[in-house]
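> coordinates only, no sequence provided:
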């Protein structure tokens, strides 16, 4: 399966037709795309524990479907069936050409190759114009184009994670603002690191500026390749600063890290000393209770339950790296 990090893996799901029956899930996007699509049936990607067996995955997928988690989550995400089928259909077309055939031999005369290659590149968010790839074999071009598509998908997922982080934090502290001022937007999408650093010296003020930028990056309103790259780099920098603040416990997110100031006892009486770094791997919110499961580098799990006023308390976080989500 395609893994996102050491604690999670992704499964690729399709809602049951007419809401009847279990969710169909697959180990790869390619398997799911081969299934084809029915009208009005939602596809979604779901992150599950890396060691989950088939029964556990089926349960989690059904729960995600019935709860419609893909409408507002990062760990569960809506997918366009038509877009995904188009990507893998284009890849399948390109695989039919002889191993030694070059793009230049066929591009001008073969509409199937042109459509497939240009279609893949559209999904990569990378500008493409022939004679780009003309010297490559069709197989090499397909591999390169699909690699760029995968990179674009990873960035899209990271942008979703960043956008959700900023949205939750800003709503909580009342820092939400409207559109980013044009001057600030230009600076955040440039390579002027010194100016960008000065702008993000106040973490939450920077987050308020960065939030509209993230919306523009997600929507494609910022389409220039270089501007997108600098914008993402500066969003990561702003995130790294804004995430190292006291976070309301009910706003903790998967992947955030924190250090406990006191020793804790974990499974079978093992005592873990203060100062250990723990990573949040799951946040559950049954009625009136918040359960946070964390893991340290040694593989120990820590489960903490918060109730009543404790839920509104804060925890000092150490940040997280969204590029590894």
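That came through, no problem. What you see is a predicted model, and the numbers here were worked out from it, not measured in a lab.
> below-threshold pLDDT in the protein: ranges please.
Across the chain, residues meeting the criterion (pLDDT under 70) sit at 1-6, 39, 72-74, 165-211, 238-248, 250-251, 308-325.
> what are the structural domain limits within it?
If you go by automatic domain parsing, the domain ranges for the chain are 8-79, 83-150, 175-242, 246-324.
> for residue 89, which residues are in contact?
Contact analysis of residue 89 by Cβ atoms under 8 Å, 6 or more residues apart in numbering lists 33, 116. C-beta here means a position set from N, CA and C on the backbone, and glycine is covered the same way.
> how about the helices of this protein, start to end?
29-35, 54-67, 81-94, 103-106, 111-123, 138-173, 182-188, 193-199, 203-219, 225-242 (DSSP state H).
> got a markdown table for the ones you listed, with distance to residue 249 too?
As requested, the helices of the chain are exported to a markdown table (distance: least, Cβ to Cβ, whole Å):
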| stretch | distance to residue 249 |
| --- | --- |
| helix 29-35 | 35 |
| helix 54-67 | 22 |
| helix 81-94 | 36 |
| helix 103-106 | 54 |
| helix 111-123 | 39 |
| helix 138-173 | 11 |
| helix 182-188 | 30 |
| helix 193-199 | 29 |
| helix 203-219 | 18 |
| helix 225-242 | 17 |
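> tell me which of the ones you listed sits most buried.
Comparing the helices of the chain by mean neighbour count (mean count of other Cβ atoms under 10 Å), helix 203-219 ranks first with a mean of 21.
> how far away is residue 145 from residue 82?
19 Å (Cβ to Cβ, to the nearest Å).
> which stretches in the stretch 201-325 of the chain count as strands?
246-248, 257-259, 264-265, 271-272, 277-284, 289-296, 301-307, 314-319 (DSSP state E, counting those that start in this stretch).
> closest to residue 107 out of these?
Nearest of those to residue 107, taken as Cβ to Cβ: strand 314-319 at 46.2 Å.
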